[in-house]
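>>> Need a 3D model of the following:
(chains A, B and C)
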Amino acid sequence: MQRIGVFVCHCGTNIAATVDVSKVAEAAKHEPGVVYAVDYTFMCSEAGQDLIAQAIKDYGLTAIVVCSCSPRMHEATFRKVAEENGVNPYMVEIANIREQCSWVHKDMEEGTPKAITLMKTAVAKVNLDSPLQDGEAPVTKRALVIGGGIAGIQTALDIADCGYKVDIVEKDQTIGGRMAQLDKTFPTLDCSSCILTPRMTEVNQHPNIRLFTYSEVQEVSGFVGNFDVKILKKSRSVREKDCTGCGVCMTKCPSKKIPNEFNRGLNFRTAINIPFAQAIPNVPVIDKEHCIHFKTGKCGICAKVCPSHAVDYEIKDEVIEEKYGAIVVATGFNQIDLHKFGELGYGVSKNVISSLEYERIMSATGPTGGHIVRPSDGKEPKDIVFIQCVGSRCAPGDKRGKTYCSKICCMYTAKQSIMTCDHIPGAKCHVFYIDVRTPGKLFDEFYRRAVEQYGVDYIKGNVGKVTELPNGKLRVHGADLLDQKEIELDTDMVVLAGAIEPNPGIRPLATKLTLSIDNDNFLNEAHAKLHPVEAATAGVFMAGTVQGPKDIPETVAQAGAAAVKAVALLAKDKLKTNPCVAQPDELYCNGCSVCANVCPYGAITYIEKEVRDHGLRETRRLAQVNPSLCKGCGACTVACPSGAMNLKGFTNRQIMAEVDSVCQ
Amino acid sequence: MGEITQYSYFPGCTLKTKAKDLDRYARVCAEKLGAGLVEPDMWQCCGGVYPLGSDEIGNKLSSVRALNDAKEHGRELVTVCSACYHVIKRVNDDMANVPDIQKRANNYAQFDEPYTGETKVLHYLELLRDRIGFDKVKAAVTNPLTGKKIGAFYGCLLLRPSKILQFDDPENPSIIEDFITSLGATPVRYQMRNECCGGYRSMENQDLTHKLVSRIFADAKNAGCEELITACPLCWYNLNQYEGPDKLPVRYMTEVLAEAMGLLDEKPDASELEGVACKCMQDAGKEA
Amino acid sequence: MTPDEMKARDYILKIYDGDFTKCMHCGKCSASCAAYSAMDIKPHQFPSYMAHGKITELMNSKTIWECLGCSDCIERCPRDVKPGKLIDAVRQAVTRQRGGSHLYPEEIPAMVNPDMPQQLLVSVLRRERK
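Model prediction:
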């Protein structure tokens, strides 16, 4: 028999207002095994914890029951108190008499008997508890960062600077992500490439960082501290160690009419290609789908002209297997497809473009060398209209757009309008807005600059339709909601601030990592307020727009946060693992495989083992649980037809004892 | 000729009177293409406008009757007039998805079996595209309208609300352009083709409808249209009534179809019903 | 609101059966409205007039007779407010009243011409009378 101490918490009035806590403590005294019972205002406080510590000493307690709030709050607190005072931490049970009792009832007549029942149930369970020992798992001191944009780059640098090895896996052939496509960044108007490329170089040169570009994560297994990852390194058909990045191959490649993804389809590229001058690695990739050699067997010019003989059509895809202790997901965002907004002329008129396309036009590395011109005729526009919130802030169920605000558009439109006025003297910019959202440091001041210093015309009221006029201009049909007037504004170009969404690759990746993902494909963080960069899956973290729309400063901040969480993990030599895992009774197991089929974590395998069963000696097929993979969900114990499978800390006997308690 | 599939055909009041050509050519072409258009024994005007109030029932009943008649004959319902298509299809959606309307309408109508939206409603263009096939239409064309630059005027009733009508992309549609292509002509897209012509406001507010039609013609002409085609008698009226710059000839889509199939001026087999104008219209006719 | 206005408002909401509180005042409905120039109270103002109980103004507006029923506003509203349906509900609150008709049979002969399609006459009568 255990020597049980029962501690009933008032939780101020949270519990005490609807449960007579002294009555519960009194009732506890009569329960089998209970040698001490008391009620107290705040058990989680230092004084409350001291109460437990003292009682352990005074009464020789071997098991503790705390009747209080949900175990999610303070189970860890009370386990620690027990451990520090010589009681095994798994000999502690929490009876939730707050969330499951006092907070759902309105009067003591109902709350108190229920709280007493819950207390009795916890006592019945603790009587059958065993002193479990935490398991141990080693930690591989290497981190994996999935995504090589600014989020991934910053995370990798921060982890590497702490002295740990990091691998970056990037789907594109170069790191840099969206930031490499931007011209200037708000609110400082820093040149995006100028602040990004030093980081990119640092990543390339850092002794602790390895880059896998043109690569994808193929498979992930394992658990926190011990992830086994297969990385598919796609073949570039160019030997990285020999290529000097001279670019001769690109000048000679005859397959020239491929829409250039880096320039959002505004111009063309060749089949062998480096997307921009500062690409890292500065090594081209042969796009097999458009390469004449790979499609027809002819050509082969690039191999002939390469001065370093780096082109090799025989290079195959490679699968690299590596172990990691922590994984950070930073796969970034894309803009939504604006073709559904035909009333705004996207896809109909060449001069109606997305904001990201406009950013490429403004960039010196873009399709027009940084000269702002109309895509239709190459002429310089004198009047430009920006339309906000295209596909953002829609009602749930909207077929074309997202429910959320994309956060960055108000600021980048102010920036784009300022840049336009700088590039084209005398240009007039109009912004059709619903609200102007500027919630950052120096953000509102930046927007005011656009209005007051650059004369940008902000019009409250979204746009109904954009049509083309005979003279090649565009007519914007809108309504000014402040002046209450119909607007027919003739302009040269229309830029749509389209909503942003996570890159589509996140869905299959989330499945591989068993990550929770929301309806908009943003990764779910473990807690919206207090764990913004951790996934619910242990050992996996996130940074950047994959978690939600955000700008560069927020992304960099999140990257640092994710890095420190990863380092906290990698700094440990051993990880404690939860001992409440499944365990089969060898004498009852008949190797039927039902448990393995229901296990969501792949924790169960089978072994052949010699068993001695009541004088009989034979080799049987038995289930075996990997305690590191097992999460203690209990599905196998329920499915097991012979009752052989049991969950430590939640054994079948314990569950039945709890049920008996409730039914008394 | 091949076998003829029967469709329940709802002409609507205007096709029997002021828009006889729209009706006539629809029938002869359909028959030539293997679709038999059979009118219900009895039908009433759809009402011209869809009753938007959530509690309205009475003005939906004529549509319900037509739909149920089609169901009882095991046929899909085809209509040519954009307004009839709009009203009947939306009422059909109500009968399928709004329990209150389904219950009340069935209580009133007392059909042998309750009607719950079983009938499929097709516009004549959907009949051509989805049942007959534009390729077969093309094969039946004996007089291709090569070189003719034709603009489609969709108007508002065929396309919106798109969640219910699901006729085509509401902002950048293409079904009528594909139809025009199958006739051998060159479709010309212009952005105002899905905007309202002014509808019934042309009776009381000609300033407004004049402005709207003038926008449509200006955009169509700028894009290079030589003529416009439509499926709505009211659009046809508003566009043809217009006097002003950029005006283009406007014809019914079935007339153009008949021209391409060499069936212009063909009279259909079924006898035509002479429309009965109301007394005031007759008097007005006398005054004019 | 007066008691009569409250009754009218509830009646309008019953006919409308939508949610005008979803409106985010973006103005896309007014921007798309073909009849905007003919209206006094604009489409985007209807939800806020309803929210502020200015029912009499709505029922007395020119707007409810000028609306074309073209569904552009319903189609394009990103918030699924269905402004056109609200405008129609206000219109019906007027026409369903005794003496609420906007058009009388005796007025019609002066307005018609022989080319007018039946569809036009039927539509006008359906919208402007109960």
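>>> Please make it C-alpha for all contacts and neighbour counts, starting now.
Will do.
>>> Need the CA coordinates for the helix or strand bottoming out on mean pLDDT in chain C. PDB is fine.
Sorted by mean pLDDT, DSSP states H and E, the helices and strands of chain C end with helix C:108-111, the least confident at a mean of 89. Listed in PDB are the C-alpha atoms of helix C:108-111, where the atom choice follows Å, rounded to 0.1, in the frame of the first residue of the first chain:
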ATOM      1  CA  ILE C 108     -47.600  52.500 -68.600                       C
ATOM      2  CA  PRO C 109     -49.000  53.300 -72.000                       C
ATOM      3  CA  ALA C 110     -47.200  56.600 -72.100                       C
ATOM      4  CA  MET C 111     -43.900  54.800 -71.400                       C
END
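>>> name the element the residue most central in space within chain C belongs to?
Ranked by distance to the mean C-alpha position of chain C (CA atoms, centre = their mean), the top residue is C:I87 at 2.9 Å. If you go by DSSP states H and E, C:I87 is part of helix C:83-95.
>>> how far does that helix sit from the chain's center?
Taking the mean of its C-alpha atoms, helix C:83-95 sits 4 Å from the chain's own mean (CA atoms, centre = their mean, to the nearest Å).
>>> So for that helix, mean pLDDT?
Mean pLDDT, helix C:83-95: 96.
>>> quick one: contacts of that helix?
Helix C:83-95 has contacts (CA atoms under 8 Å, 6 or more residues apart in numbering or on different chains) with B:52-53, C:8, C:11-13, C:15-16, C:18, C:20, C:29, C:43-44, C:46-47, C:58-59, C:63-65, C:67, C:69, C:71, C:73-74, C:100-102, C:128-130.
>>> Check stretch A:85-100 too.
Here stretch A:85-100 has contacts from A:14-15, A:53, A:56-57, A:61-71, A:75, A:78-80, A:82-83, A:115, A:118-119, A:121-123, A:125-126, A:129-133, A:649, using CA under 8 Å, 6+ apart.
>>> Inside strands: which ones of these?
Of the positions in these, A:63-68 sit in strands, assigned by DSSP state E.
>>> As a markdown table, these with distance to A:Y412, neighbour count and pLDDT would be great.
As requested, the ones in strands among the contacts of stretch A:85-100 are arranged in a markdown table below (distance: CA to CA, whole Å; neighbours: other CA atoms under 10 Å in any protein chain shown; pLDDT from 0 to 100):
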| residue | distance to A:Y412 | neighbour count | pLDDT |
| --- | --- | --- | --- |
| A:A63 | 60 | 27 | 97 |
| A:I64 | 58 | 33 | 97 |
| A:V65 | 57 | 25 | 97 |
| A:V66 | 54 | 29 | 97 |
| A:C67 | 53 | 29 | 97 |
| A:S68 | 50 | 30 | 96 |
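>>> Which of the three states applies to the residue nearest to B:G36 when sequence neighbours are not counted?
Using CA to CA, 6 or more residues apart in numbering or on different chains and skipping residues adjacent in sequence, the residue nearest B:G36 is B:Q6, 4.5 Å away. The three-state label given to B:Q6 by DSSP: H, G, I helix; E, B strand; the rest coil is strand.
>>> of all the ones in strands among the contacts of stretch A:85-100, which comes closest to A:G347?
Nearest to A:G347 among the ones in strands among the contacts of stretch A:85-100 is A:S68, at 61.0 Å by CA to CA.
>>> The closest one against A:C11, yeah?
Yes: counting by CA atoms under 8 Å, A:C11 is a contact partner of A:S68 at 7.2 Å.
>>> Out of the contacts of helix C:83-95, name the ones that lie in helices.
Residues of those located in helices (DSSP state H): C:8, C:11-13, C:15-16, C:29, C:46-47, C:58-59, C:63-65, C:73-74, C:128.
>>> Can I get the buried part of those as one ChimeraX selection?
Buried residues within those, by 16 or more other CA atoms under 10 Å in any protein chain shown, are selected in ChimeraX with:
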select /C:8,12,13,15,16,29,46,47,58,59,63,64,65,73,74,128
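>>> give me every residue that touches the residue nearest to B:G36.
Taking CA under 8 Å, 6+ apart as the criterion, B:Q6 is in contact with B:35-38, B:75.
>>> what's the helix or strand for A:K106?
When elements are assigned from DSSP H and E, A:K106 belongs to no helix and no strand.
>>> Kindly report the same for A:L575.
With DSSP H and E as the criterion, the answer for A:L575 is strand A:574-577.
>>> other SSEs contacting the next helix or strand after that strand?
Scanning forward in sequence from strand A:574-577 by DSSP H and E, the next helix or strand is strand A:582-584. Contacts of strand A:582-584 with other secondary structure elements, assessed using 3 or more CA pairs under 8 Å, 6 or more residues apart in numbering or on different chains; DSSP states H and E, are made with strand A:616-625, strand A:645-647.
>>> Need the nearest residue in space to the residue in the stretch 401-550 of chain A that chain B sits nearest to, chain neighbours excluded.
Nearest to chain B, among the residues of the stretch 401-550 of chain A, is A:P470, at 5.4 Å (CA to the nearest CA). Spatial nearest neighbour of A:P470, excluding adjacent residues (CA to CA, 6+ apart): B:N222 at 5.4 Å.
>>> any idea whether the residue lying farthest from the centre of chain C is helix, strand or coil?
The outermost residue of chain C relative to its centre, with distances by CA atoms, centre = their mean, is C:P114 at 28.7 Å. Of the three states, C:P114 takes coil according to three-state DSSP.
>>> did I read that right, A:V611 in a strand?
Yes: A:V611: assigned to a strand according to three-state DSSP.
>>> got a list of what it touches?
Taking CA under 8 Å, 6+ apart as the criterion, A:V611 is in contact with A:586-587, A:617-620.
>>> Try it again at 6 Å.
Taking CA atoms under 6 Å, 6 or more residues apart in numbering or on different chains, we find A:V611 in contact with A:617-619.
>>> which bits of chain C sit near chain B?
If contact is defined as CA under 6 Å from any CA of the partner chain, the residues of chain C in contact with chain B are C:15, C:70-71, C:75, C:109, C:114, C:117-120, C:123-124.
>>> Include distance to A:G177 when you put those residues into JSON lines, please.
Putting the residues of chain C next to chain B into JSON lines (distance: CA to CA, whole Å) gives the following:
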{"residue": "C:I15", "distance to A:G177": "51"}
{"residue": "C:C70", "distance to A:G177": "44"}
{"residue": "C:S71", "distance to A:G177": "41"}
{"residue": "C:E75", "distance to A:G177": "36"}
{"residue": "C:P109", "distance to A:G177": "70"}
{"residue": "C:P114", "distance to A:G177": "67"}
{"residue": "C:P117", "distance to A:G177": "60"}
{"residue": "C:Q118", "distance to A:G177": "61"}
{"residue": "C:Q119", "distance to A:G177": "58"}
{"residue": "C:L120", "distance to A:G177": "58"}
{"residue": "C:S123", "distance to A:G177": "56"}
{"residue": "C:V124", "distance to A:G177": "58"}
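>>> Narrow the residues you listed to those that are buried.
Judged by neighbour count, with buriedness set by 16+ other CA under 10 Å, the buried members of the residues of chain C next to chain B are C:15, C:70-71, C:75, C:109, C:117-120, C:123-124.
>>> how does the chain divide into domains?
I went with chain A, as the question did not name one. Under the assignment named as automatic domain parsing, the residue ranges that make up the domains of chain A are A:4-127, A:142-231+A:319-331+A:518-563, A:248-305, A:334-501, A:582-648.
>>> Can you look at chain C instead?
Taken from automatic domain parsing, chain C resolves into C:3-97, C:103-130.
>>> Deepest in the core, which of those is it.
domain C:3-97 (a mean of 20; mean count of other CA atoms under 10 Å in any protein chain shown).
>>> now the end-to-end length of that domain.
Between the opening and closing residues of domain C:3-97 lies a distance of 16 Å (CA to CA, to the nearest Å).
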